[in-house]
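Q: Build me a model from this:
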Amino acid sequence: MSGILFSVLVCEDRSTYQCWPSFRTIGKTTRMSTNTVRKYVRMLEERGLITTEPTSIIMKDGQKRNGNLLFTIRPIQEAVEQFYRQQLEKIPLDVQREKASGARAKQERPA
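A: Below is the predicted model:
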C-alpha cells in the first residue's frame, strides 16, 4: 500500500497536491496488477490519506470519455485527526460489545 501512495506522491503537483496517474501506470511502477492497485487505492481513501474524483476527457471527434481519477493527497495532519475521530467514534460500540460479551459469559457459566 505504501508503494501506491509513493507512486501518487512522485507525480503529485506540489502546489495543488493533485495528480491523475492511471491504475495501469501505478501498477507498472509498483509491479502490481490493476485490481490490486484499485484495492489499495480504496484502502488509502478509507484511511483518509487521499481523495479521488472521476475526470472526463473530450476526444478529437467530440466524444466525452472517462479519464483517470484525480488523486488529491490530504495533508497528513488532517488524516491523523480523522483517524483519531474514527477511533473515538468506535469507543461506545466497543464498550457495548464488551458489556454484551461479559453478560453472555455470565449466562454461560454453570451454577
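Q: Just give me the neighbour total for Met59.
A: If you count neighbours by other Cβ atoms under 10 Å, Met59 ends up with 8. To be clear about C-beta, it is placed using only N, CA and C from the backbone, and glycine gets the same treatment.
Q: How about the contacts made by it?
A: Going by Cβ atoms under 8 Å, 6 or more residues apart in numbering, Met59 touches Arg65.
Q: what's the answer for the one 5 residues further on, then?
A: Going by Cβ under 8 Å, 6+ apart, Lys64 touches Ser56, Ile57, Ile58.
Q: Test my guess that the second one contacts Gly67.
A: In this case it means Ile57. Yes. Here Ile57 lies in contact with Gly67, judged by Cβ atoms under 8 Å, at a distance of 4.5 Å.
Q: who's more crowded, these two?
A: Neighbour comparison, Ile57 and Gly67: the larger count goes to Gly67, with 13 against 10 (by other Cβ under 10 Å).
Q: Can you give me the distance of the more buried one to Leu88?
A: 37 Å (Cβ to Cβ, to the nearest Å).
Q: outside of the helix or strand hosting Ile57, which residues touch it?
A: Counting by DSSP states H and E, the element that carries Ile57 is strand 56-58. Strand 56-58 is contacted by residues Lys64, Arg65, Asn66, Gly67 when judged by Cβ under 8 Å, 6+ apart.
Q: Number of residues surrounding Leu44?
A: Residues lying near Leu44 (other Cβ under 10 Å) number 22.
Q: Not counting sequence-adjacent ones, nearest residue to it?
A: Ile50 (4.8 Å; Cβ to Cβ, 6 or more residues apart in numbering).
Q: Would you mark the buried spots in the helix ranked longest in the chain?
A: Longest helix in the chain by number of residues, with DSSP state H as the criterion: helix 76-108. Neighbour counts over helix 76-108 (16 or more other Cβ atoms under 10 Å) mark Ala79 as buried.
Q: Next: stretch 42-53.
A: Quick answer for stretch 42-53 (16+ other Cβ under 10 Å): Leu44, Gly48, Leu49, Ile50, Thr52.
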